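J.: Starting from these lines, generate the structure:
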Amino acid sequence: MENRNGSNNTNDPCSISEFKRTVYPIAYLVIFSIGLVGNLISLIFFISSTWKRKVSLTPVNIIMLNLLLSDLMMVCSLPFRATYYLMNSNWVFGDVTCRIISYVFYINMYGSVYFLAVMSMVRFVAIVKPFAYVRWQTSRRAWTICIVIWVIVSLMSIPLLGAGTSVESKRIKCLDLNTSQLGTIIMLNRGSLFLGFVLPFAVISVCYIFAAFYLLKLKKTRPNQRSQVNHKKSCSLVIIVLLIFLACFMPYHVARTLFLEAEMDTTKYSLGESCHYIKILRKAAVITHVLASGNSCLDPLLFFFVGENFISFWRQHTPRRQSCVIEQNVKVLEKINCDKDRRFRLI
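T.: Next up is the predicted model:
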């Protein structure tokens, strides 16, 4: 069900081959650079904070770890895509690699959707039912949920393994739409649209709405420091997750659905005056495909702003904090001042 954004056929009057060869390589390489650095830094801080603090992984951290691994897998596939378009849409990496590259994109996208949905549900339970959350939060349950998500998205993406290479005009095609399978692709798109976007987004929206009302009520009745911290962390999670869905996933699914339906119409009827409309949809599919790939650059924000161990680990390893620790071992008075400064910054 690869969204292959229009035909590269030179006889197609509505072809956008030049547009793809201009946009895709630049966008993919930029996303690769930012995503690789962001996810590697997040992963290093994640492992370091957990190892040095000698604490077990919380359910939220386990979900974030799987999200980071999914993003790393995604960004590592982007140079192959960029090379394909830089080589004038000629695939040189073999049929198996072509299938895997298409497969990886959808595993990452729908894996990210479900990981974000589960993370939102976990945060919702932690806010509304904190005692139940403490009682039920175990690493084993979190790992089980993550494994189930990997299995589900892997099975959902199996049809992509059938999208191999083909030969056209003495070039090997990999990431282009196969119009002979449009009927099957549209059916798969409708299923993935509901299961992979509409349903998770509805779950996330319901969780956030109820959590928002609960936090507002809690802030009025018990305006303590802990509730303010939970409020800020929850607001950060809401903003980042909604940003990822509204900027990356929603435009892609809308454009992909319109694009596929329009491509089906072009196979049944003559283009006529609709070529301009087809070009717009094909270009929209290209741009939104890039935005969907860009979710791997936004996911690390969750770790920096919502991660449960990152803030404390960062404060412990800033130069100011380290100098404070040194002064504690020199003079008692400086030790007291450092402790006051530390408490002030933690607040």
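
J.: Pop the domain breakdown of this structure in here.
T.: If you go by automatic domain parsing, the domain ranges for the chain are 17-310, 317-347.

J.: gap between the spatially most central residue of the chain and Ser154?
T.: With distances taken as Cα atoms, centre = their mean, Asn295 lies nearest the centre of the chain, 3.9 Å away. To Ser154, Asn295 is 18 Å away according to Cβ to Cβ, to the nearest Å. For glycine as for every other residue, the C-beta is placed from the backbone atoms N, C-alpha and C.

J.: could you dump the domains of the chain to JSON lines with mean pLDDT?
T.: Shown next, in JSON lines, are those (pLDDT from 0 to 100):
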{"stretch": "domain 17-310", "mean pLDDT": "84"}
{"stretch": "domain 317-347", "mean pLDDT": "43"}
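
J.: so what's the residue nearest to the centre of the chain up against?
T.: When contacts are counted by Cβ atoms under 8 Å, 6 or more residues apart in numbering, Asn295 touches 71, 108-109, 112, 244, 248-249.

J.: One more pass at 6 Å, please.
T.: 112, 244, 248 (Cβ atoms under 6 Å, 6 or more residues apart in numbering).

J.: most tightly surrounded among the domains of the chain?
T.: For the domains of the chain, the largest average neighbour count (mean count of other Cβ atoms under 10 Å) is found in domain 17-310, namely a mean of 17.

J.: now the contacts of Asn295 in a markdown table, with distance to Pro300?
T.: Compiled in a markdown table, the contacts of Asn295 are given as follows (distance: Cβ to Cβ, whole Å):
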| residue | distance to Pro300 |
| --- | --- |
| Ser112 | 12 |
| Ile244 | 11 |
| Cys248 | 14 |
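
J.: which one of those is nearest Ser49?
T.: Ser112 (22.3 Å; Cβ to Cβ).

J.: Packing partners of the one helix or strand Ile185 maps to?
T.: Using DSSP states H and E, Ile185 sits within helix 182-193. Packed against helix 182-193 by the contact rule (3 or more Cβ pairs under 6 Å, 6 or more residues apart in numbering; DSSP states H and E) you find helix 250-268.

J.: and the angle from the helix it packs on to helix 182-193?
T.: For helix 250-268 against helix 182-193, the angle by axes from the mean of the first three to the mean of the last three Cα atoms, to 10 degrees is 160 degrees.

J.: residues in contact with helix 250-268?
T.: 3, 179, 182, 186, 189, 193, 197, 278, 281, 284-285, 288, 291-292.

J.: let's go with 8 Å and repeat that
T.: So helix 250-268 is contacted by 3, 5-6, 14, 109, 177, 179, 182-183, 185-186, 189-190, 193, 196-197, 201, 274, 277-278, 281-282, 284-285, 287-289, 291-292 (Cβ under 8 Å, 6+ apart).
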